[in-house]
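Trainee: Next come a sequence and a model predicted from it.
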Amino acid sequence: MSLFEILIVAIVFLCCLYVSYTDTKFRKIGNPYTYGLVAFGLACQGVFVYLGITTLPRLLWLLLGGLAVAFLMYYLGIWSPGDSKLFWGVSVALPPTLYSLGRWRYPPFIVAVNTFVPYFLVMMIYILVKTTLRQKVQVLRVTLAPKFLLRFVLSLVSFTGVSVLINRFLPFNLDYFSAIVLFLALFSLFDRFVAQEKQLYFLLPFSAVSVLLALNNPSYFLTMMAITAGLFLFLRFFVATLGDFVFVQEVDVRNLEKGAVPANIVVKDHEGKYTAQEISFTSFISIASRPREAEVVMDITPEGLSQEKVAELRELAKEGHFAAFGNKVKVQQAMPFAPIVLCGVILTVLCRGVFIDRLLELVAR
């Protein structure tokens, strides 16, 4: 790397290091640092355009693509606003020459993979070690329930077919990993916007279309289904649900504090009745459907509950509205995400691309 590129990496690293401290210590990522990182990145990318290392269309694609990924993660509830803006800034600021190795070249995708995959692996091992055999068997029975598996298989067939269809219109071919990422995004959006009782009306015709698409390339379709099914069932439903036993605890609403991250939701129906609804360990891992015909009084928010929301919930509990569920809600252990983004930056710089490629090269030797 040139001296200019080393300077850019050093500034990005120092910025991420500082916001990791503020995120861990105060649960806050300041806007001056995230927006400043975006502005700094745009200025540096402008220099790279001037030097002919990148082009203006690529710069625009980088800026808008990084923003789209960050906004989607925020909108789905996976990241807090600060985490999203930090990811956007990192994606824009890092030099384009860092992505010179491996099959992937798009910075937001590379940074996201280097951020999330190691995090998921560490979390998976930690959850499996910390839970008992009885807890694993309990969750496995729920995961393999016939009713759930029927819906899962229909979803798997449907969105695998949709992924294959989208792949036909892309200027490049998706590998298995990219196709799985696309599948997860489609499934999460579908689960978010379509009520569960209406999902079968969409899944059945989607499945039929997918089967027709599979006739053209059955080996690819079946391989995609097998890989996705294994990863999706194991990670999203088995490991993520096991996370409840490790990271989630029940607290009295009157003891809630600012910044508490809910692990279930409280809704108010049209009759004015309040109920608490279970949602698995979902923040930073998966998204669950929200009720369509009820007011969500307490929702899952990665940034945690505001002081105003805590006061509102305490007042409702004081008035006796939460007596049906013992005035208790579930909260999960808060996890600062800025240090995880910092680890993603370090992996990106060291591997000059997706770290998985470097691992595969080491295994192949």
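Mentor: The structure has been received and is ready for your questions. Numbering: from 1, shown residues only.
Trainee: same for the strand or helix carrying Ile356, what does it pack against?
Mentor: Assigned by DSSP states H and E, Ile356 belongs to helix 355-364. Secondary-structure packing of helix 355-364 (3 or more CB pairs under 8 Å, 6 or more residues apart in numbering; DSSP states H and E): helix 107-130, helix 338-351. Placement of C-beta: from N, CA and C, glycine included.
Trainee: okay, the angle between it and helix 338-351?
Mentor: 50 degrees (axes from the mean of the first three to the mean of the last three CA atoms, to 10 degrees).
Trainee: what does the model give Thr22 for pLDDT?
Mentor: Listed pLDDT for Thr22 reads 93.
Trainee: for this structure, what helix or strand is lowest in average pLDDT?
Mentor: When the helices and strands of the chain are scored by mean pLDDT, DSSP states H and E, helix 176-193 comes last with a mean of 66.
Trainee: Going by neighbour count, which residues of the helix or strand that it is followed by are buried?
Mentor: Of the helices and strands lying after helix 176-193 in sequence (DSSP H and E), the nearest is helix 196-214. Under the neighbour-count criterion of 16 or more other CB atoms under 10 Å, helix 196-214 has 199, 203, 206-207, 210, 213-214 buried.
Trainee: which helices and strands sit right next to helix 196-214?
Mentor: So helix 196-214, by 3+ CB pairs under 8 Å, 6+ apart, packs with helix 146-169, helix 176-193, helix 218-231.
Trainee: tell me the angle of the longest one relative to helix 218-231?
Mentor: For helix 146-169 against helix 218-231, the angle by the same axes, to 10 degrees is 130 degrees.
Trainee: quick one, helix 146-169 and helix 196-214 angle?
Mentor: Using the same axes, to 10 degrees: helix 146-169 against helix 196-214 is 50 degrees.
Trainee: Next up, the contacts around Leu86.
Mentor: 16, 19, 29, 33-34, 37, 338, 341 (CB atoms under 8 Å, 6 or more residues apart in numbering).
Trainee: wait, which of those is closest to Ile166?
Mentor: Val341 (27.7 Å; CB to CB).
Trainee: Report how many residues lie close to that closest one.
Mentor: For Val341, the count of nearby residues is 27 (other CB atoms under 10 Å).
Trainee: residues in contact with it?
Mentor: Applying CB under 8 Å, 6+ apart, the residues near Val341 are 16, 20, 83, 86-87, 90, 111, 115.
Trainee: Determine which two of those residues are furthest apart.
Mentor: Ser20 and Val111 (15.2 Å).
Trainee: between these two, who's got more neighbours?
Mentor: More crowded of Ser20 and Val111, by other CB under 10 Å: Val111, with 25 against 20.
Trainee: doesn't Val92 make contact with that one?
Mentor: No: under the criterion of CB atoms under 8 Å, Val111 makes no contact with Val92, lying 10.1 Å away.
Trainee: from the contacts of Val341, which is closest to Tyr99?
Mentor: Nearest member of those to Tyr99, counting by CB to CB, is Val111, at 9.4 Å.
Trainee: mind checking how far the closest one is from Gly66?
Mentor: Plainly put, Val111 is 8 Å away from Gly66 if you go by CB to CB, to the nearest Å.
Trainee: intersection of neighbour lists for these two?
Mentor: In contact with both Val111 and Gly66: 87, 91, using CB under 8 Å, 6+ apart.
Trainee: which residue sits closest to Phe247, ignoring its sequence neighbours?
Mentor: Gln333 (4.4 Å; CB to CB, 6 or more residues apart in numbering).
Trainee: Pull the contacting residues for that neighbour.
Mentor: Taking CB under 8 Å, 6+ apart as the test, what Gln333 contacts is 247-248, 261.
Trainee: And Leu242, by the same measure?
Mentor: Here Leu242 is in contact with 127-128, 131, 135-136, 139, 281 (CB under 8 Å, 6+ apart).
Trainee: The stretch 251-365 of the chain: strands as residue ranges?
Mentor: For the stretch 251-365 of the chain, applying DSSP state E, counting those that start in this stretch gives strands covering 261-262, 264-268, 274-278, 295-298, 328-332.
Trainee: what's the most buried one of those strands?
Mentor: Among the strands of the stretch 251-365 of the chain, strand 261-262 has the highest mean neighbour count (mean count of other CB atoms under 10 Å), at a mean of 23.
Trainee: what does that strand contact?
Mentor: 283, 298-302, 304-305, 329-334.
Trainee: in this protein, what residue sits furthest out from the centroid?
Mentor: Largest separation from the mean C-alpha position in the chain: Glu319, at 36.3 Å (CA atoms, centre = their mean).
Trainee: Please state the backbone phi and psi of it?
Mentor: phi -80, psi 0 (degrees, to the nearest 10).
Trainee: mind checking how far it is from Val310?
Mentor: 15 Å.
Trainee: And Val251, by the same measure?
Mentor: Val251 is 11 Å from Val310, by CB to CB.
Trainee: hey, what's in contact with both of the two?
Mentor: Joint contacts of Val251 and Val310 (CB under 8 Å, 6+ apart) are Ala260.
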